[in-house]
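[1] Below are the sequence and a predicted model for it; my questions follow.
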Amino acid sequence: MTSAEQNIFSLSTIITEAAAGNARMQQHIYDRFAPFLFRRCLRYTKNIMEAEDLLQDSFIKIFKNLQHFKGEGSFEGWLKRIIHNTAISHFRKLDNKMNPQLTVLHEGMVDKCPCAIEQLAQKDIVRAVTQLPAGYRTVFCMFVIEGYNHKEIACMLGCSEGTCKSQLSRTKTQLRKKLAALYELN
């Protein structure tokens, strides 16, 4: 779709047409949102190939459920929720098979963490977080990076709020130890 065509159609028109099966409008949604969503997928995966798979699975769900988007809230928020739910579902399946490595990390992580962490090298933080057990890493990233509260995390992961709180506390303790050890050696 050319930029002139993009200006002709509103986002709601594009969504409505795409939901009705208009392949050109679906392509427009993909072209417009795939780069943004791919960056989100990279937060949940260990490598580019996994992120591409997650993006593909998410777009299948997006186009399958597009008619359910009612315009209550932002379309971007709805897309992010599908990415998030697809990632959680994907790693739950993997967890039954091989204990996944859910990393949910990105360049802006340091900006969202407490002041003390800002002084640390981002690569050291990323390394320390990726070494955490999958459950700890998932709760930490959902709470610190994604901004979910304990009740929301518990609901999404199918556990109690107390479990989320204790996992976050244990995660912070492990991270402190890992980072302290790292910086004592350097």
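    All right, it came through fine. Numbering: from 1, shown residues only.
[2] any weak-confidence spans in the chain?
    The chain contains residues with pLDDT under 70 at 1-8, 46, 92-123, 183-186.
[3] Show me the domain layout of the chain.
    1-100, 101-186 (automatic domain parsing).
[4] Take those and write them to JSON lines, including mean neighbour count.
    Any C-beta I mention is one placed from the backbone N, CA and C, and that applies to glycine too. Below are the domains of the chain laid out as JSON lines (neighbours: other Cβ atoms under 10 Å):
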{"stretch": "domain 1-100", "mean neighbour count": "15"}
{"stretch": "domain 101-186", "mean neighbour count": "16"}
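[5] Walking through this protein, point out its helices one by one.
    Counting by DSSP state H, one finds helices in the chain at the ranges 3-8, 11-19, 23-44, 48-65, 75-98, 109-112, 115-118, 122-130, 134-140, 150-157, 161-185.
[6] got the angle for the third one vs helix 11-19?
    Okay, so that is helix 23-44. Taking axes from the mean of the first three to the mean of the last three Cα atoms, to 10 degrees, helix 23-44 and helix 11-19 form an angle of 100 degrees between their directions.
[7] which helices and strands sit right next to helix 23-44?
    Other elements packing on helix 23-44 under the criterion 3 or more Cβ pairs under 8 Å, 6 or more residues apart in numbering; DSSP states H and E are helix 11-19, helix 48-65, helix 75-98.
[8] Great, nothing more from me.
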